[in-house]
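> Next come a sequence and a model predicted from it.
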Amino acid sequence: MLEQLRSAGNHLHVAWDTYFRVYSALQSYQIQRNPPRKNVPSELSSLLDTQLAFISSYESKIQEIKVAISRARNYSLGLAPINSLPPEILSRIFQLVSPQGCDLHELSSDKRHFPTHPDHLTHVCSLWRGIAISCCSLWCHIDLTSYKPYYNALVERAETHSARAGQLPIELHVMDDVHSRLGRSPLGYDQLDKFTSRISGRVKTLNFFVEDNFCGFHRSVFSTVLLNQHSILTKLIVRTENSPSASIHARTYTSSPSDIELSDFLLDLTEDQIESSFAPLTVLHLQGVFPLWSSTAYHGLTDLRLLSTEHYWSIVKEAQLISLLKSSPGLRIFHFGLRIKEPTTGEVMPVNLQDLQVVKIFPDTGGWEDMCPSNVLRLLAPGSRPLHLSFGGHYAAESTSFAEWDEFFARSRVRSFHTCSILPPMDILLRHSAYIEHAILDHQGKPSWKILYPPQLDKMASLPRLRSLHLTRSALLEDDLRLLVEYCPNGIVLYSCYIYRDEGTEFTPLDAQALADAFPTIKNSETPPYPLDDPTADWDHLD
């Protein structure tokens, strides 16, 4: 092979040099002709046409050869160090760069979107294909939908993934959006039923998203997984956008057709079967649809996330919420975005959660009420572990009790703090800054807003200062930023922020140099160490 390549290259060099020399002389030939405009011989004209067509036809072939040579060059051991790594290292790299989520939510009626990971790793080269296929953990995520244009292809893809995953536990992701409802297969789901029956004993994570009502397709998958006698299901994710408070419970009547669409998730199982299947759960993520508040699904959890839908608040009674929290004393992660009904008047004993490390409050439902369910804080008594506390979304300051914030900080060790749209009273953060290593103020203010006034500085002169303060996606006045420097003299970093100078009649944005001159201790960057749309994304990845 090497000698053939060398010989072909040498012949091409000689032939090309000769060809170039001869045909480059045409220009000199035309200039030397007398008279220069006399018609060229027809034989020469015909030859030139032939050669022009010949050269043009080789342009695409030259591009093909360039691609082939480049690939061979890149995949050679000397020039592509990644391919010289041991297979187990390359396999680990594949796992590390795998996306945390999938793109099943991007399915569309025009078929432009289809899940591609990790399948595309097998299309790079034979080496990568072999390593990717042999890495069982790459194939544990399986996507399914009832949407007709994708139904068969996804079931076939699921068969491939389950086989390549070996005997490893499976993460089963089922999604139906409005397209799915309009385009469900009229032929039923026999193929899917057989598949889910085969893998039900390997499903460790079940992830459901249903934009519209629940139907027979969803009940079939859900019931099949729950009914397996050797179920290893420990993580359940169920989300819907259809109802503010749909329930997951047993069907108590038999007159409805099996494929009727209902807002509640009614299963053709007994309550005992459902509760028995829910008992081993340790991770439970819910949005808009919930098991009964008395369910064993809420017992023994380490990760509990209770959220409302985009447009409607879901409701839980305070007594029910307290009972849920007491049922999971080992809780480590808690996301909350429900409206608490019938709160206890007066003092309430917070629930001891010694292992709690992440608390995220989600005030914004996208509706007309900018309410913040921060009153859940009075129900939480974290232990001595460092805690991450976040208030995401948008809400009105008057909808929250900053006194409850202060009391929560006092009985916790808040290491990281994040808030969006509302700046809390700075004296709260300063009083508890001994534990706060990092604070993020996201989406703060507009140029016309004042976030703090100088007279308040005197009251906080004796309080310790913050060590690290990030401002992201914010628009502040120069004077406001100067006040923040008072609270964090040496640790402020700006990411995608705009700072304005009040010129009396207008606000003038400061450019990078003017900002550096006015605030020499502040760093200004466009590359944050976290996703700007979710600065707290990595908080939930606990060791």
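Looks like it arrived, so ask away.

> in this protein, which helix or strand is least confident?
helix 178-182 (a mean of 49; mean pLDDT, DSSP states H and E).

> could you point out which element follows that helix?
With elements assigned by DSSP states H and E, the helix or strand that comes after helix 178-182 is helix 190-199.

> Listing partners with orientation, what would you give for the helix or strand following that next one?
Per DSSP H and E, helix 190-199 leads on to strand 203-210 as the next helix or strand towards the C-terminus. Here strand 203-210 has these sheet partners by DSSP bridges: strand 170-176 (parallel), strand 235-240 (parallel).

> What's the first helix or strand after the shortest one?
For strand 235-240, the succeeding helix or strand toward the C-terminus, using DSSP H and E, is strand 246-250.

> next structured bit after that next one?
From strand 246-250, the next helix or strand downstream (DSSP H and E) is strand 265-267.

> Packing partners of that next one?
helix 216-227, strand 246-250 (3 or more CB pairs under 8 Å, 6 or more residues apart in numbering; DSSP states H and E). Bear in mind the C-beta positions are built from the backbone N, C-alpha and C, glycine included.

> one more time with 10 Å
helix 216-227, strand 246-250, helix 271-278, strand 289-291 (3 or more CB pairs under 10 Å, 6 or more residues apart in numbering; DSSP states H and E).

> So which of those is the most surrounded?
Sort those by mean neighbour count, taking mean count of other CB atoms under 10 Å, and strand 289-291 sits at the top with a mean of 22.

> what's that one in contact with?
208, 210, 214, 236, 238-249, 263-265, 274-275, 278, 281, 284, 297-298, 306, 309, 314, 316, 338 (CB atoms under 10 Å, 6 or more residues apart in numbering).

> among the residues you listed, which ones are buried?
Buried members of those, counted by 16 or more other CB atoms under 10 Å: 208, 210, 214, 236, 238-246, 248-249, 263, 265, 274-275, 278, 281, 284, 297-298, 306, 309, 314, 316, 338.

> Quickly list the domain ranges of this structure.
1-38, 39-80, 423-543 (automatic domain parsing).

> Of all those, which one comes closest to residue 119?
Closest to residue 119 of those is domain 39-80 (CB to CB; 19.8 Å).

> Can you list the helices and strands that the top helix by length along the chain packs against?
Assignment by DSSP state H gives helix 42-75 as the longest helix of the chain. If you count contacts as 3+ CB pairs under 10 Å, 6+ apart, helix 42-75 packs onto helix 2-32, helix 126-134.

> Check the ones you listed for me: which has the lowest mean pLDDT.
Among the helices and strands packed on helix 42-75, helix 2-32 has the lowest mean pLDDT, at a mean of 76.

> Could you name the helices and strands sitting against that one?
helix 42-75.

> Quick one: residues in contact with the helix or strand just after the helix it packs on.
Next helix or strand after helix 42-75 toward the C-terminus (DSSP H and E): helix 87-96. Helix 87-96 has contacts (CB under 10 Å, 6+ apart) with 82-86, 117-118, 121, 127-128, 130-132, 134-138.

> show me what contacts residue 273?
223, 226-227, 250, 267.

> For it, give its distance to residue 469.
52 Å (CB to CB, to the nearest Å).

> For residue 326, which non-adjacent residue is closest in space?
Here the nearest residue to residue 326 in space, its sequence neighbours aside, is residue 351; by CB to CB, 6 or more residues apart in numbering that works out to 5.5 Å.

> so how many other residues sit close to the one you found?
20 (other CB atoms under 10 Å).

> cool, residue 143 as well?
23.

> and the gap between it and residue 208?
For residue 143 relative to residue 208 (CB to CB), the value is 12 Å.

> which residues do these two both contact?
Common neighbours of residue 143 and residue 208 (CB under 10 Å, 6+ apart) are 172-175.

> okay, these in JSON lines with neighbour count next?
Output for those, formatted as JSON lines (neighbours: other CB atoms under 10 Å):
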{"residue": "172", "neighbour count": "24"}
{"residue": "173", "neighbour count": "22"}
{"residue": "174", "neighbour count": "25"}
{"residue": "175", "neighbour count": "21"}
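
> can you list the weak-confidence ranges in this protein?
27-40, 74-80, 100-115, 177-188, 244, 252-263, 364-372, 394-400, 446-458 (pLDDT under 70).

> Okay, strands next: where are they in the stretch 351-500 of the chain?
For the stretch 351-500 of the chain, the strands defined by DSSP state E, counting those that start in this stretch occupy 351-353, 358-361, 380-382, 387-391, 414-420, 438-442, 469-472, 475-477, 492-495, 498-502.

> Tell me who's in contact with residue 251.
Residue 251 neighbours (CB under 10 Å, 6+ apart): 219, 258, 262, 264-270.

> how close does it sit to residue 227?
From residue 251 to residue 227 the distance is 14 Å (CB to CB).

> Next: residue 353.
33 Å.

> give the contact list for residue 6.
Residue 6 touches nothing, counting by CB under 10 Å, 6+ apart.

> I'd like to know how many residues surround residue 165.
Counted by other CB under 10 Å, the residues lying close to residue 165 total 21.

> related to what we said a few turns ago, between helix 2-32 and the longest helix of the chain, find me the angle.
140 degrees (axes from the mean of the first three to the mean of the last three CA atoms, to 10 degrees).

> what angle separates helix 42-75 from helix 126-134?
40 degrees.

> In the stretch 401-543 of the chain, what residue spans correspond to helices?
402-410, 426-431, 455-459, 478-487, 512-518 (DSSP state H, counting those that start in this stretch).

> would TSV of those with mean neighbour count be doable?
Formatted as TSV, the helices of the stretch 401-543 of the chain follow (neighbours: other CB under 10 Å):
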stretch	mean neighbour count
helix 402-410	17
helix 426-431	19
helix 455-459	10
helix 478-487	18
helix 512-518	12
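
> and residue 99, which of the ones you listed is closest to it?
Going by CB to CB, the one of those nearest residue 99 is helix 512-518, 33.3 Å.

> how far is the closest one from where the chain is centred?
Offset of helix 512-518 from its chain centre (CA atoms, centre = their mean, to the nearest Å): 34 Å.

> Against which helices or strands is that helix packed?
helix 478-487, strand 498-502, strand 523-525.

> Let's verify residue 281: helix, strand, or coil?
coil (DSSP: H, G, I helix; E, B strand; the rest coil).

> List phi and psi for it.
phi -60, psi 140 (degrees, to the nearest 10).

> Make sure it is actually in contact with residue 297.
Yes - assessed by CB atoms under 10 Å, residue 281 is found in contact with residue 297 at 5.7 Å.

> which neighbours do the two share?
236, 291, 304.

> And residue 501, how far from residue 486?
Applying CB to CB to residue 501 and residue 486 gives a distance of 18 Å.

> Same question for residue 358.
30 Å.

> Same check on residue 438?
18 Å.

> what do you get for residue 439?
14 Å.

> mind checking which of the domains of the chain is nearest residue 411?
Nearest to residue 411, of the domains of the chain and by CB to CB, is domain 423-543 at 10.5 Å.

> tell me how far the ends of that closest one are from each other?
30 Å (CA to CA, to the nearest Å).

> Distance from the chain centre to it, please.
26 Å.

> how about residue 411, what does it touch?
350, 377, 380-383.

> hmm, 7 Å instead?
residue 381 (CB atoms under 7 Å, 6 or more residues apart in numbering).
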